[in-house]
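*Asks:* Prediction below, plus the sequence it came from.
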Amino acid sequence: GAGVSQSPSNKVTEKGKDVELRCDPISGHTALYWYRQSLGQGLEFLIYFQGNSAPDKSGLPSDRFSAERTGGSVSTLTIQRTQQEDSAVYLCASSLGVGGGFINEQFFGPGTRLTVL
Amino acid sequence: KQEVTQIPAALSVPEGENLVLNCSFTDSAIYNLQWFRQDPGKGLTSLLLIQSSQREQTSGRLNASLDKSSGRSTLYIAASQPGDSATYLCAFSGNTGKLIFGQGTTLQVKP
């Protein structure tokens, strides 16, 4: 079946512009995660959606970052007034979520490489 | 705060060798761990998932173990091949599933 897809694969923008990154999770997966991978910081958690619960935004680095998940499926990560330090690969993952005391396996998309000039 | 350390940071071996990648964590209150593979410029491919109640998982030439009491996990790769060359990442999750990653081990298998 289809895996997690992300678009665009690459995005180059100018400092101060807003960008939107899209994630299409695996069909039927209730949990969706955003991570960021940068040279100096490695892979770090940004935000997590589980079903209809309020999202866990504890990893968002500033209020310029926001995300939403419409209809329990597609998610969009928005970065406002981009800065050069926002340059990174943004990865999305989905899973069947939490159930029966188990945390299910996460499957990752190919990522969006963001470059802020 | 959970911290994850992977040793070594880089490893180069000749084809055919068996090898072990190490991962240690500071907080034993984990729910599971995953080992991933990442090829240059690509996303993450899940290799193995071990739930906290399990001790090990095997897939083909790969075997991953988990010892919560010592705060360690290992990934064993048998009979390494040049196609195994990649960065290997371990990650632990708490009760929400969000993953905390190590910095990775970059493996090169020489023909």
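*Replies:* Right, received. Where do you want to start?

*Asks:* Around chain A, pick out the residues from chain B.
*Replies:* B:31-32, B:34, B:36, B:42-46, B:49, B:51, B:89, B:91, B:93, B:95-104 (Cβ under 8 Å from any Cβ of the partner chain). The C-beta positions use only the backbone N, C-alpha and C, and glycine is treated the same way.

*Asks:* Can I get the buried part of these as one PyMOL selection?
*Replies:* Command for PyMOL that selects the buried part of these, burial taken from 16 or more other Cβ atoms under 10 Å in any protein chain shown:
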select buried, chain B and resi 31+32+34+36+43+44+46+49+51+89+91+93+96+97+98+99+100+101+102+103+104
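
*Asks:* Can you tell me the SS state at A:Glu85?
*Replies:* helix (DSSP: H, G, I helix; E, B strand; the rest coil).

*Asks:* Could you pull up the contacting residues of it?
*Replies:* A:Val116 (Cβ atoms under 8 Å, 6 or more residues apart in numbering or on different chains).

*Asks:* again, only this time at 10 Å
*Replies:* Contacts here follow Cβ atoms under 10 Å, 6 or more residues apart in numbering or on different chains; on that basis A:Glu85 touches A:Ser38, A:Gly40, A:Gln41, A:Pro61, A:Ser62, A:Val116.

*Asks:* Give me the buried subset of the residues you listed.
*Replies:* By 16+ other Cβ under 10 Å, the contacts of A:Glu85 give A:Val116 as buried.
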